[in-house]
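In: Need coordinates for the below:
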Amino acid sequence: MNIHLILLIVYSVGIVAFGLWTARFVRHSADFFVAGRSLGPGLILASMLAANIGAGSTVGVAGLAYRDGIGAWWWVGAAGLASFVFAFWVAPPLWRLAKQHDFYTTGDYLEFRYGAHVRGVVSVLIALGSLAILAGQIIAGAAILNVIVGIPRWAGSLVGAGVMTIYFAAGGLLGTAWVNTVQLVIMLAGFLVALPVAIEHVGGMAALIAPNRPPWFGDFFYSAGPGSGWTLLFLTFPAFVISPGLIQKAYGAVNERALVKGISLNALALVLFAFVPTLLGMAARTANFGITDPNAVLPTVLLTQLPAWLGALALSAVFSTEVDTCDAVLFMLSTTLSKDLYKRHINPQASDQQLLRVARATAVGGGALGVVLSVYLSTVVQALTIFYSLLGVTLFVPVLGGLLTQRSGEPEALSAIATGVVTLFIVAFALPARPSWLDPNLTGIVAAAIAYVAVMAFRRTPAYV
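Out: Now for the predicted structure:
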């Protein structure tokens, strides 16, 4: 048994044990859903950053950087820029409403603002999108185990999903906030030590953009079209401004000052961290590995370009990022299914303990479905693109529109959602010869905004005052 596998086993057992221990503090659904609204800036930072740095931000970005070079920064960098917007202009008014009206989920806000129908439609779409992003995280964890010990994807998916499902189902937001703090320390330590060693091993920074590299490799503003380089702004920026999982984590803040401080520190950390997996992916290209699977770029460079002990630490850090983002997705999925669908539409009379049991059960079920889906989706980026696209066109306009104007109501929200989703799928899949500049996500969001404003302009009576 090699040192890489030993460290991963020790890490996994330790995280599960710690997560089960935190379950003793979860006695009510409020603890599970919003951590009793007790999170200070440190736990907000850890929880947000752990949710935001996952499979796409590490394994996915390294794969993009292997192909596109420094322009892969925009995947995580755009999320960091969006997080500044979330910290100062979106999260505070949502937190105040949540505090005043005792919101647990994004669905609570949507029903308050638009009605039960909007909540139900969005809940279904979020649940479907969450399964895609959960599969993406599980694919990344399985890729690490495949590189280390050669086990097939389905077996690696079971291992990774099992770890995060157990500790999340036990502790909910309150437990995972503490677990994420431990994971964050492991992740940052592993990456910050590994990066300079890996770059030095391939000849230093100058070698990353040497003349034999593709001409675009050192171009920060390069893009090959939608889903590449700076155009990733249209994919990740909207999703990180209105992510239901991040909004629900924001509800857990103890006060507004802690909320703004924690999220803004998270935003700064994302902008800086975006360079780490990008440079590691470029280092893999410089080392001429001839990798054909984008999911294997990061695990390969960490396994082969570092001393054994450092490679083990770095791989544990990557595995940590996949696991802690999985729990963030499970949080979004289980709270949506239990609170927004079960409690609101199936059993409105459910007791607090019934709701807590359903939340835990849906977390386990979601983890199992994520494993199944991870076997059929090919790459991390493919899985996450499905989620971010659906999230942006569904929620960006209704959430921000609800904060900016009181004139809009259910017709505006439903028309925006329907128009955005239909436009996204038409542009992405139905156009026979789509122009390279036509981004499906941006087009869907613009169409949703036009529908929202058009319906509001034709309606004379304000939805509520």
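
In: now the stretch 301-450 of the chain, which segments are flagged as low pLDDT?
Out: Counting by pLDDT under 70, the stretch 301-450 of the chain shows low-confidence ranges at 320-328, 378.

In: the longest helix in the chain is where?
Out: helix 153-201 (DSSP state H).

In: Could you name the helices and strands sitting against it?
Out: Under the contact criterion of 3 or more Cβ pairs under 8 Å, 6 or more residues apart in numbering; DSSP states H and E, helix 153-201 touches helix 3-22, helix 29-34, helix 41-52, helix 116-149, helix 275-286, helix 297-304, helix 308-335, helix 352-376. Glycine gets a C-beta too; all of them are placed from N, C-alpha and C.

In: now for those helices, which one comes closest to Ala258?
Out: Nearest to Ala258, of all the helices and strands packed on helix 153-201, is helix 41-52, at 4.5 Å by Cβ to Cβ.

In: I'd like the helices and strands packed on helix 153-201 written out as CSV, with mean neighbour count and distance to Gly229 added.
Out: Rendered in CSV, the data for these read as follows (neighbours: other Cβ atoms under 10 Å; distance: least, Cβ to Cβ, whole Å):
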stretch, mean neighbour count, distance to Gly229
helix 3-22, 17, 33
helix 29-34, 25, 37
helix 41-52, 25, 20
helix 116-149, 24, 20
helix 275-286, 25, 11
helix 297-304, 25, 17
helix 308-335, 26, 23
helix 352-376, 19, 27
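
In: Redo those as JSON lines? Include distance to Ile417.
Out: Shown next, in JSON lines, are these (distance: least, Cβ to Cβ, whole Å):
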{"stretch": "helix 3-22", "distance to Ile417": "35"}
{"stretch": "helix 29-34", "distance to Ile417": "24"}
{"stretch": "helix 41-52", "distance to Ile417": "24"}
{"stretch": "helix 116-149", "distance to Ile417": "6"}
{"stretch": "helix 275-286", "distance to Ile417": "33"}
{"stretch": "helix 297-304", "distance to Ile417": "35"}
{"stretch": "helix 308-335", "distance to Ile417": "18"}
{"stretch": "helix 352-376", "distance to Ile417": "22"}
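
In: out of these, which comes closest to Lys261?
Out: helix 41-52 (4.1 Å).

In: Alpha carbons only: can I get the closest one in CSV?
Out: Written as CSV, here are the backbone C-alpha positions of helix 41-52 (Å, rounded to 0.1, in the frame of the first residue of the first chain):
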residue,chain,number,x,y,z
PRO,A,41,-17.1,35.4,9.6
GLY,A,42,-14.6,32.6,10.0
LEU,A,43,-17.1,29.8,9.6
ILE,A,44,-18.9,31.7,6.8
LEU,A,45,-15.5,32.0,5.0
ALA,A,46,-14.7,28.3,5.5
SER,A,47,-18.1,27.1,4.5
MET,A,48,-18.3,29.4,1.4
LEU,A,49,-14.8,28.7,0.2
ALA,A,50,-15.1,24.9,0.7
ALA,A,51,-18.3,25.0,-1.4
ASN,A,52,-16.7,27.1,-4.1
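
In: what helices or strands is that helix leaning on?
Out: So helix 41-52, by 3+ Cβ pairs under 8 Å, 6+ apart, packs with helix 73-85, helix 153-201, helix 244-251, helix 256-273, helix 308-335.
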